[in-house]
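Visitor: my questions are about this predicted structure, shown below with the sequence.
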Amino acid sequence: MRHLLSISDLSKAQAISILDTATELARVSDGAVKKLPTLRGRTIVNLFAEDSTRTRISFEAAAKRLSADVINFSAKGSSLSKGESLKDTALTLQAMGADAVVIRHSASGAPQRLADSEWMLGSVINAGDGTHEHPSQALLDAFTIRKHLSKGSPDLVGIRVAIVGDVLHSRVARSNVLLLTLLGATVTLVAPPTLLPVGVESWPVKISYDLDSVLATVDVVMMLRVQQERMSDLFFPNAREYSRYFGLNGDRLKLMSPDSIVMHPGPMNRGLEIAAEVADSARSVIVEQVANGVSVRMAILYVLLAAQPLEAGSK
Amino acid sequence: MATKRYLLKNGSLPDGSTSDVLIADGLIKNRAANIIDADAIIIDVKGSVLLPGLVDLHTHLREPGREDAETVLSGSRSGAKGGFTALSAMANTSPVADNAGVVEQVYRLGQEAGLLDVFPIGAVTKGLEGSALSEIGAMADSIARVRVFSDDGNCVFDPLVMRRALEYIKKFDGVIAQHAQEPRLTVGSQMNEGAVSAILGLKGWPAIAEEAIIARDVLLVDHVKSRLHICHVTTAGGVEIIRWAKARGINVSAEVTPHHLLLTDELARSYNPIFKVNPPLRTEKDVMALREALADGTIDIVATDHAPHSTESKECEWSEASFGMLGLETALSIVQKTMIDSGLMNWAQVADRLSTAPARIAGYIEQGQNLEIGARANVMIINPGASWTVDRDLVASKSRNTPFHGYELPGVITHTFFNGTPTLLNGVLVETGDAR
């Protein structure tokens, strides 16, 4: 495995292997010395053509804990904001000797363009592309669900997950649908019909427009962020109405089955898709998702890079 | 000025018969078995098919404005290589061909290139903006004698503007070529809306956005009794509406592009914008409906929508890339592959769909004459038994954005004669003046 562009690149065994590796690496994060020498001398570039502080620092922490050299290349103030093409950026990174590029980009498919091109030779890791995928987020979500609910099983067979909100524009939802179903979970998408893509009927999921009827039937409720720009584009009448039908509030929390958990990829719109009392409740594993993110991203870097021998001549 | 005489020996005519054809003085001088002419250059075309020179009703030549991507001359070369003797230059140049000055400029550039007829298409609305009518009458009366009007690239969306345009062109038997795309349903659209776009997270271009405009416009043209042509039909639903309209006697014609006869939206999975085109590649079901419609005449013609783009406008992210693909040099091979080799059509139907019918729709009276004695010698020759591999580095176009790079295609075009003069001889382009 050279790149991680989409969850569809992974077999079930590979996905489980990443989660198992993350479990091992989490012990490093819990130790007194939070560092392994595995990627010493490797250069990892965080190419963030779209703002995302949390994903960038998560990958940065992961790379540093594996002793890699990290270069941050972000949109603001860089050549990317001055109209430089993806091709020229890639050629520059190649010339600098990047072993891997972690890319966040507003255009769906940009990581695949990078990987398929001859512009650069290193590994490409998709850190979220447009409305396509966000595979590392799905892996950390699966890791978190497995830790809480799998009762020692390596996969997620029998676990029921509801993904609630703007599925149409959500890369988190696309990656999670692929990964959770790959691992054997049952997924129900809950959204207003306007926020489900045409073609969703070919996905291996159940669809519901009614959050209340789903809550009691699932083990995980994963809330999606509602982007501000959706408000003005006729997807729903207004924020209050969205919140009334699809927001997870205290009353709805009571409908959920015992031991079920609440997740959110962040950043949250408190009061819109999730009420503060839910986000801060004992059911919420939202902060833990962030912590698990570092371990899972360490595992991704480890699997992609540590398996490759250091080439003669590189430091 | 005496031109050379050419005797094409033992070629297969569109109807399947074998004949010799003598080209002299710019005309088809004779058509018979065993013609003897001591002064003629003899070309043995046994096993090849002779067709009337191909006529494209939908070509982007990019001049004026984007001469880095194509010029009238380079587009003419590309056309000659593809067997064309007439192209129709779309109006979305910079400046827009919405006045007599620009269409006369393009017409003259075509004459100077001299490789085929370049007939400018005039914009329907000023600046392609969809609100005020362009100088339609002035373009019709210009030396370019414009008869086809289109805002291609944009839809003439406002129903009142469309109605007025359809009415106005009746004065000189013009035709409005509509780019059917409901703009509000396609804001920011990137590819066909369906199962593939759902997975790829690319904004969908729903079939209904094409079908809604086709439906509206066939009703409009019926009401005002004018002539409507639908550009690049891509959907099974669009085909059904046109079939219904023709059954009602409505005066509508339609075109399909070669790429929509072969390629599907599955290709977008690569995120390679070489497959990004407007209207987008659709599904297998649509492709099959388009082939059937072309065979039964519901769709009248094949038009290339040849759309050259510079390298940098395709070497980027999908959503950043320009829409469009090259078409002239691969058109007939794609038609052979999808329509002849599949058994859906014969060569006589190909001659109709790629030459006679487009010439009739656009009123190009010296084109599409079907190799009759005395007709202008606009002839092309294809060897259907040979095949070739498309190489984007060997195209005659100035751009390289062919989606068929690396494809092995049937049918090698060996010769093109424009008004009796070879523009393509044994597969080699004959530059202007060389052969005269």
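Guide: Structure received.
Visitor: how many residues are close by B:A132?
Guide: 10 (other C-beta atoms under 10 Å in any protein chain shown). Backbone N, C-alpha and C define where each C-beta goes, glycine included.
Visitor: quick check: it touching B:A123?
Guide: No - B:A132 is beyond contact range of B:A123, at 10.6 Å (criterion: C-beta atoms under 8 Å).
Visitor: for the chain, longest helix please?
Guide: Went with chain A since none was named. Using DSSP state H to define each element, chain A has its longest helix at helix A:12-30.
Visitor: wrong one, I was asking about chain B
Guide: Longest helix of chain B, by residue count under DSSP H: helix B:207-224.
Visitor: what comes up buried for that helix?
Guide: Residues B:207-218, B:220-222 are the ones in helix B:207-224 that count as buried (16 or more other C-beta atoms under 10 Å in any protein chain shown).
Visitor: and residue 24, what is it in contact with?
Guide: Answering for chain A, as no chain was given. The contact partners of A:E24, by C-beta atoms under 8 Å, 6 or more residues apart in numbering or on different chains, come to none.
Visitor: switch to chain B, that's the one I care about
Guide: The neighbours of B:A24, taking C-beta under 8 Å, 6+ apart as the test, are B:T3, B:R5, B:Y6, B:D37, B:A40, B:A377, B:G420.
Visitor: would you agree B:D20 is in contact with B:A32?
Guide: Yes - using C-beta under 8 Å, B:D20 is in contact with B:A32, at 6.2 Å.
Visitor: more crowded one of the two?
Guide: Neighbours were counted for B:D20 and for B:A32 using other C-beta under 10 Å; B:D20 has more, 20 against 10.
Visitor: please parse the chain into its domains.
Guide: Since no chain was named, I'll use chain A. Taking automatic domain parsing as the domain assignment, the ranges for chain A are A:7-133+A:291-306, A:135-289.
Visitor: looking at chain B here, not the other one
Guide: According to automatic domain parsing, the ranges for chain B are B:6-50+B:374-429, B:52-362.
Visitor: just the terminal-to-terminal distance for the first one.
Guide: By that I understand domain B:6-50+B:374-429. End-to-end distance for domain B:6-50+B:374-429, by C-alpha to C-alpha, to the nearest Å: 17 Å.
Visitor: can you give me the strands for the stretch 101-250 of chain A?
Guide: Assigned by DSSP state E, counting those that start in this stretch, the strands in the stretch 101-250 of chain A fall at A:123-129, A:160-164, A:186-190, A:206-208, A:220-223.
Visitor: and chain B, which of these is closest to it?
Guide: Of all the strands of the stretch 101-250 of chain A, it is strand A:123-129 that lies closest to chain B, at 7.6 Å by C-beta to the nearest C-beta.
Visitor: flag every residue of chain A that's near chain B.
Guide: A:85-87, A:105, A:107-110, A:112-113, A:116, A:129-133, A:171, A:174, A:197-200, A:202-203 (C-beta under 8 Å from any C-beta of the partner chain).
Visitor: now B:L409: which helix or strand?
Guide: strand B:408-418 (DSSP states H and E).
Visitor: after that strand, which helix or strand is next?
Guide: Heading C-terminal from strand B:408-418, the first helix or strand you meet, by DSSP H and E, is strand B:421-425.
Visitor: what's the following helix or strand after that next one?
Guide: From strand B:421-425, the next helix or strand downstream (DSSP H and E) is strand B:428-429.
Visitor: now for that next one, which elements pack on it?
Guide: Packing contacts for strand B:428-429, counted by 3 or more C-beta pairs under 8 Å, 6 or more residues apart in numbering or on different chains; DSSP states H and E, involve helix B:72-81.
Visitor: what mean pLDDT does the helix it packs on have?
Guide: In this model, helix B:72-81 has a mean pLDDT of 98.
Visitor: which ones are touching the residue nearest the centre of chain A?
Guide: The residue lying closest to the centre of chain A (C-alpha atoms, centre = their mean) is A:Q137, at 1.5 Å. A:Q137 makes contact with A:T55, A:G128, A:R171, A:V172, A:S175, A:N176, A:P265, A:G293, according to C-beta under 8 Å, 6+ apart.
Visitor: low-confidence stretches in the chain?
Guide: Let's take chain A. For chain A, the stretches flagged by pLDDT under 70 are A:75-83, A:307-315.
Visitor: um, chain B though
Guide: B:1-2, B:432-436.
Visitor: at 50 instead, please
Guide: For chain B, the stretches with pLDDT under 50 are B:1, B:434-436.
Visitor: now stretch A:1-15, how far from the chain's geometric center?
Guide: Put simply, stretch A:1-15 sits 14 Å off its chain's centre (C-alpha atoms, centre = their mean, to the nearest Å).
Visitor: oh, I was asking about stretch B:5-17
Guide: 24 Å.
Visitor: quick check: buried residues in that stretch?
Guide: Buried, per 16+ other C-beta under 10 Å, within stretch B:5-17: B:R5, B:Y6, B:L7, B:L8, B:K9, B:N10, B:G11, B:S12, B:L13, B:P14.
Visitor: turn the residues you listed into CSV, including distance to chain A and secondary structure.
Guide: CSV is the format used below for these (distance: C-beta to the nearest C-beta, whole Å; DSSP: H, G, I helix; E, B strand; the rest coil):
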residue, distance to chain A, secondary structure
B:R5, 51, coil
B:Y6, 46, strand
B:L7, 50, strand
B:L8, 45, strand
B:K9, 48, strand
B:N10, 48, strand
B:G11, 44, strand
B:S12, 43, strand
B:L13, 46, coil
B:P14, 42, coil
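Visitor: so which residues on the stretch 301-436 of chain B come close to chain A?
Guide: B:E312, B:E315, B:C316, B:E317, B:W318, B:S319, B:E320.
Visitor: and the gap between the fourth one and B:K171?
Guide: B:E317 sits 46 Å away from B:K171 when distances are taken as C-beta to C-beta, to the nearest Å.
Visitor: who's in contact with B:L332?
Guide: B:L54, B:G82, B:G83, B:V350, B:L354, B:M380, B:I382, B:G411, B:I413.
Visitor: closest to A:G97 among the residues you listed?
Guide: Set against A:G97, the nearest of the contacts of B:L332 by C-beta to C-beta is B:G82 (45.5 Å).
Visitor: how about the helices in the stretch 151-300 of chain A?
Guide: A:171-182, A:211-215, A:239-246, A:250-255, A:276-279, A:286-301 (DSSP state H, counting those that start in this stretch).
Visitor: deepest of those, which one?
Guide: helix A:171-182 (a mean of 25; mean count of other C-beta atoms under 10 Å in any protein chain shown).
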